[in-house]
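Q: Provided below are the primary sequence and the corresponding predicted coordinates.
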Amino acid sequence: MPKQENGQKGDSVIQNDLSESFEEEVRAFLSDEEKLHLFDDLTKVNPVTTTTVLRCLQARYRVNLFYTNAGCSLVALNPFQPFSCLYSPELMREYHVALRPQDLKPHIFAVAEQTYRNVQNQMDPVNQSIIVSGESGAGKTWTSRCLMKFYASVAASVISPKGNETVERIERRVLDSNPVMEAFGNACTLRNNNSSRFGKYIQLQLDRFHHLSSASIQTFLLEKTRVAYQAPNERNFHIFYQITKGATAEERLEWNLPEGAEYRWLPNPERNLDEDSFEVTRAAMCHLGIERCTQSNVFKVLSGLLHLGNIQFSNPVDESQPCDLEDKTKGFVKTTGDLLKIPVEELLESLRIRTITAGKQQQVFKKPCSRAECETRRDCLAKVIYARLFEWLVLVINESIYADPSVWTSFIGLLDVYGFEAFPENNLEQLCINYANEKLQQHFVAHYLKAQQEEYAAEGLQWSFINYQDNQNCLDLLEGNPLSIFSLLNEECRLNRPSNPALFQARIEKALSSNQCLSGDRFSKKPNFIISHYAGKVCYQLAAMVEKNKDAVPPELVHVLQNSKDSLLQKLFPVTENNQNNIKTQNRAPVVTVVSKFKSSLEHLMQILNRTTPHYIRCIKPNADCKARTFKREEVLSQLQACGIVEAITISAAGFPVRIPFQRFTERYEILRKSCGPSKRRVCDKSNSHTAEEKGETPVMDEDKASRSAVLEILQNVVMGQTTAEQTGSGAGTPSVYCGKTKVFLASSVLELLEARRAEVLNEKAFCIQCCWRRFKQKKFAKEKQSATVIQAGNSTKMWLEQQNKEHFQLYWGIKVAGAVKCHLSHCVPELLRLLVLSFVSTESSAVRSWLARSRFRRMRGAAKVIQRGWRRWKAKMAALAAAELDEGEGEEFPAPGATVIPAKLPCSLDTAWPGQAIVQFWPLGLVLAAAPVTATGPRRDLALLGWLGGLQESGCSRLEGPSLGCGIASIRALPQGSVRFHCRKSPLHYSNVSPHRDACSITGFNQILLDRKELLPT
């Protein structure tokens, strides 16, 4: 069982023996210093103490190993020097394509890849968050920048999301937001050259293909007071130094920034930093869709703020008159007005005269301001302009990287907030910053240190609680109800009276004296209070804290900015209905303090973090001087103790980092069960539930037992070499798997084993499906191929028959001759008839009949040869007979041989129907063929002809009854008259010049009868 024995012993001798043995273990561990840098995971350190952890980190820092795993978090030491090989694209790809990134060296890319794979695996909660924390100067901004580069590289889509070549890819725009935000929101402080003076939470939104589709940026508490006030040896925001150093000659002339000019709000301009690159900022703004003219307008406003800071006031001679301007600053007023496009008179009036509305009649009074009030108004004007400009810039960036929520399905969040700060003088800004760090530390404590141990006890694990530093008392002091520092500060702002720092200090001490985290500096003359934060004690000065919390903007300043002719200022300060109300309405509006807004936005952020899977990166500052290769133990130790690294390592080493409920576990790893199929399992579950109902027990318990048994079965099948811990009360060592009451607890190695086995099974199932599908496709293809072969064979037979259609008349003539030579062809006609029927039916029947026709083709071919021989003999005989007739009987009329003349009365009109029976002469054959039914086509016509010929053969007589009545001309009977006419084939046609309708039709000639027989048909 996971057990950490740290209880106190009653016997002091035993306690001393334990402490001595423990010290011997520590000395034995630290004796081998050459191997300390090999501990890339601090949970492997034994024993886990602040000394052993500190020595391991120092040994790794000495050999340029700056990242170390510490249980649930990653410790990142700031090297204070560039290492390009640590963040190269090749290294990004190495971590991305690795099968097990955790087997590589600890790195921020390993954490990023783990979050990306969690999104791909869709393990609840799917959304991920990386919380980058640490003191100012520990490397949080650089870490966030590298993480964004990693995600932009590995999650990049192949095709542009909008499919337009002119639109920059979303990855490029996300990365370009960094230099712009740092230029306008970062500054050089005493502890960091690129300190973030605002907090930001970046959501990198992924579509269903896990490609980066969009992003959004949420900011917190910009330190706008830095525009008008900079502490000694500190600088203003980077953007002011960029425009003064990087502007061209034309831009200097346009923005009125002469080279070498001095500005009160631009201290330490001689220091050159890497962050002063103006071209990088301008290029990034272009990629974000900010046009050159808009950029020039932004920089012109910033130049106006620099000139506004040089305006100085002097006390007037008469107090009833406004303050005078110092002689050397009068030119700056005109320059400021020109750059901001505000009339100089209106600008001076808003700075020096205050408007008061009093009485029921809303009378307006104007009162001159004192010198201090004028300077306060000047500073307030600069702060409100810069704050609105920063908000507008964030809005523009979000619009350029925004996508509809229906496009993306999950996100990975990066939280980069200002680190814990403790300066010689601390005010409201430092109070809010440290409050944010307290909330993040409390999130770490509640999510990991506290909740995890409580969960172990609730699930039945034998666990001795490990002490940790809980900062809940500090949070109660800052934000608790009903009384806290924030509530008292807001209440002081709502009172319509000048604030008194001394009275406010006494009120805080009286109301919150019971909280142990509150104290005060009795030896300081300035009103103050001290709060014991998780990272140390910080003294806050109360002077001007209430005024900063009010963040009140005089309505005269807002009005003069709304009347500006500058297009950018008109966007920043639009004229609304609320602004058009009278001053009294504005003064009575509810006060929204800085603390209230910051607390609300921070609570919203914490709600987002609580719905995601958190990952922690603890940035550690090796020394306060920002020197490379310098490791100061005292400073590093204080940071480790403050953020609870040692306690987290101890809990991670003794506990289970993975906790999954039974239901989710079985749903995800159900495919790993081997004992019974799904149907059998359902039957077992139903029988168990019926048994439970019979016994009067609740089926929920049986479901829990069934889920637990399913979990144990899966673990036994997968984790062969692992020992599954049971609730036996005794266990040797620390098991890697434990089944609690409602959850299964796993070590990271077991989870990796389960995921690997699950992926293997899924691959096997996918391969099986692919095989079945391919087998089905192959069988289907083979069947289609066979069918196509049969169809092609049938089509070949049909094509052969169509080619033989040209010889059908010859075939019919041959059959007629076969009737004449009956004795020789009597055995051929029935077979030929049968084959012809099969061949004609096969053209419209199935492929099987076509195959039968092809099998009998040889027999038909033999019969055809016999017919051809008979035809040739008959043709030669007929040619000889025709030649004899031409020579001997020209001009004579002779009857057809064997013909019987049957006189018939011809119809008087074409409308008269033909007789029911038609007499067909046996000779000549051409008349018989002409008597074929016209309306019948194709096989029907052929079968009719065969029927006629068969009848002739069987009867042997000279006339035949037609089988098809009313289907056209069944026969043609002509009386012998005139001379003998000859067909084109030179066969004698004795009656070819006689028409069937003698009175109504004058058509003569047999050829004409054959061509126009359709017109002779009755209607």
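A: In hand now; what should we look at?

Q: For the stretch 501-650 of the chain, which segments are assigned as helices?
A: For the stretch 501-650 of the chain, the helices defined by DSSP state H, counting those that start in this stretch occupy 501-511, 545-550, 555-562, 567-572, 583-587, 594-610, 633-643, 645-654.

Q: which one of those is the most hemmed in?
A: helix 645-654 (a mean of 23; mean count of other C-beta atoms under 10 Å). The C-beta positions use only the backbone N, C-alpha and C, and glycine is treated the same way.

Q: Pull the residues that contact it.
A: With contacts defined as C-beta atoms under 8 Å, 6 or more residues apart in numbering, helix 645-654 is touched by 2-4, 42-45, 48-50, 53, 70-73, 75, 444, 448-449, 452-453, 466-469, 618, 640, 734.

Q: and if you look at stretch 345-362?
A: 311, 313, 322-323, 325, 333, 336-337, 340, 363-369, 373-374, 377-378, 381, 554-557, 559-560, 563, 582-584, 587.

Q: swap the cut-off to 6 Å and go again
A: 322-323, 337, 364-369, 374, 377-378, 556-557, 560, 583-584 (C-beta atoms under 6 Å, 6 or more residues apart in numbering).

Q: Out of the helices of the stretch 501-650 of the chain, name the one with the poorest average pLDDT.
A: Per-stretch mean pLDDT for the helices of the stretch 501-650 of the chain is lowest at helix 583-587 (a mean of 46).

Q: Phi first, then psi, for the residue nearest the centre of the chain.
A: Nearest to the mean C-alpha position of the chain, counting by C-alpha atoms, centre = their mean, stands Asp207 at 0.9 Å. Backbone torsions of Asp207, given as degrees, to the nearest 10, read phi -90, psi -170.

Q: ok so, going back, counting neighbours, which of the contacts of stretch 345-362 end up buried?
A: Buried by 16 or more other C-beta atoms under 10 Å: Pro322, Cys323, Gly337, Pro368, Cys369, Cys374, Arg377, Arg378, Glu556, Leu557, Val560, Ile583, out of these.

Q: so Trp133 is in which element?
A: Just so we're on the same page, residue 133 is Ser rather than Trp. strand 128-134 (DSSP states H and E).

Q: Given that strand, what are its sheet partners and their directions?
A: strand 410-416 (parallel), strand 613-620 (parallel) (DSSP bridges).

Q: Mind jotting down where the strands sit in the stretch 151-300 of the chain?
A: With DSSP state E, counting those that start in this stretch, the ranges of strands along the stretch 151-300 of the chain come out as 186-187, 195-196, 199-206, 212-220.

Q: Minimum distance to Lys537: which of those has it?
A: strand 195-196 (21.3 Å; C-beta to C-beta).

Q: In terms of secondary structure, what does that closest one contact?
A: Helices and strands touching strand 195-196, by 3 or more C-beta pairs under 6 Å, 6 or more residues apart in numbering; DSSP states H and E: there are none.

Q: make it 10 Å
A: Strand 195-196 sits against helix 140-154, helix 170-185, strand 186-187, with contacts defined as 3 or more C-beta pairs under 10 Å, 6 or more residues apart in numbering; DSSP states H and E.

Q: partners of it in the sheet?
A: Next to strand 195-196 in the sheet, as set by DSSP bridges, lie strand 186-187 (antiparallel).

Q: what sits up against the strand it pairs with?
A: With contact meaning C-beta atoms under 10 Å, 6 or more residues apart in numbering, strand 186-187 is reached by 141, 179, 192-198, 223, 226-227, 230, 234-241, 275.

Q: again, only using 7 Å
A: Strand 186-187 is contacted by residues Asn194, Ser195, Ser196, Arg197, Arg226, Arg235, Asn236, Phe237, His238, Glu275 when judged by C-beta atoms under 7 Å, 6 or more residues apart in numbering.

Q: from those residues, which is closest to Leu431?
A: Arg197 (14.8 Å).

Q: quick one on the thing from earlier: among the strands paired with strand 128-134, which comes closest to Lys877?
A: Closest to Lys877 of the strands paired with strand 128-134 is strand 410-416 (C-beta to C-beta; 97.5 Å).

Q: which helices and strands does the next helix or strand along the chain from the closest one pack with?
A: As assigned by DSSP H and E, the chain's next helix or strand after strand 410-416 is helix 428-444. On a contact count with 3 or more C-beta pairs under 7 Å, 6 or more residues apart in numbering; DSSP states H and E, helix 428-444 meets strand 128-134, helix 472-479, strand 536-541, helix 545-550, helix 594-610.
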